[in-house]
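[1] here is a sequence together with a model predicted from it:
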Amino acid sequence: MTSEQLTLAPERTADGTALLTVTGEIDMSNSGRLADALDRLPGHVVLDLTGVDYLDSAGLNVLFARAERIEVIADTLLRPLLTVSGLADLVPVRPAPGR
């Protein structure tokens, strides 16, 4: 299986909150890049996963390790995974605007 390229786009919202928009697939081959990107952003981070097509346990481990400082935006594809894994019990998970 070939992993789709992972794209990480850090920015700031109008109120100054760190936002990391992620697209592609998050798996064991690239979860370290996600961890590094999150670790470079200070404080609270909103993680937009609406463009993520696949998230495996390595990616979930990155999110669990940073649960105290993230909130997640996810579409209907990932929300069940975040709920079943227990991550949604630790971090706010909200739908994408308009979804």
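    Received the coordinates, thanks. Quantities reported herein were computed from a predicted structural model and do not represent experimental measurements.
[2] the strand ranked longest in the chain pairs with which strands, parallel or anti?
    In the chain, ranked by residue count with DSSP state E as the criterion, the top strand is strand 45-55. Here strand 45-55 has these sheet partners by DSSP bridges: strand 18-26 (parallel), strand 70-73 (parallel).
[3] pLDDT averaged over that strand, what's the number?
    Computed over strand 45-55, the mean pLDDT rounds to 97.
[4] with mean pLDDT and mean neighbour count added, can I get the strands paired with strand 45-55 in JSON lines?
    All C-beta atoms are positioned from the backbone trio N, CA, C, and that covers glycine. Shown next, in JSON lines, are the strands paired with strand 45-55 (pLDDT from 0 to 100; neighbours: other C-beta atoms under 10 Å):
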{"stretch": "strand 18-26", "mean pLDDT": "97", "mean neighbour count": "19"}
{"stretch": "strand 70-73", "mean pLDDT": "98", "mean neighbour count": "20"}
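[5] out of these, nearest to residue 53?
    strand 18-26 (5.6 Å; C-beta to C-beta).
[6] show me the contact partners of the helix or strand just after the closest one.
    Once the chain leaves strand 18-26, the next helix or strand it forms, by DSSP states H and E, is helix 31-40. With contacts defined as C-beta atoms under 8 Å, 6 or more residues apart in numbering, helix 31-40 is touched by 6, 8, 10, 20, 22, 26, 45, 47, 56, 58-59, 61-62, 65-66, 70.
[7] in helix 31-40, what counts as buried?
    By neighbour count on 16 or more other C-beta atoms under 10 Å, the buried set for helix 31-40 is 31, 34, 35, 37, 38.
[8] quick one: residue 54 and residue 45, what's the gap?
    Remark: distance between residue 54 and residue 45 (C-beta to C-beta, to the nearest Å) = 21 Å.
[9] ok, now residue 83?
    20 Å.
[10] these two - which one has more neighbours?
    Neighbour totals were compared for residue 83 and residue 45, and residue 45 leads with 20 against 13 (other C-beta atoms under 10 Å).
[11] no further queries at this time; thank you.
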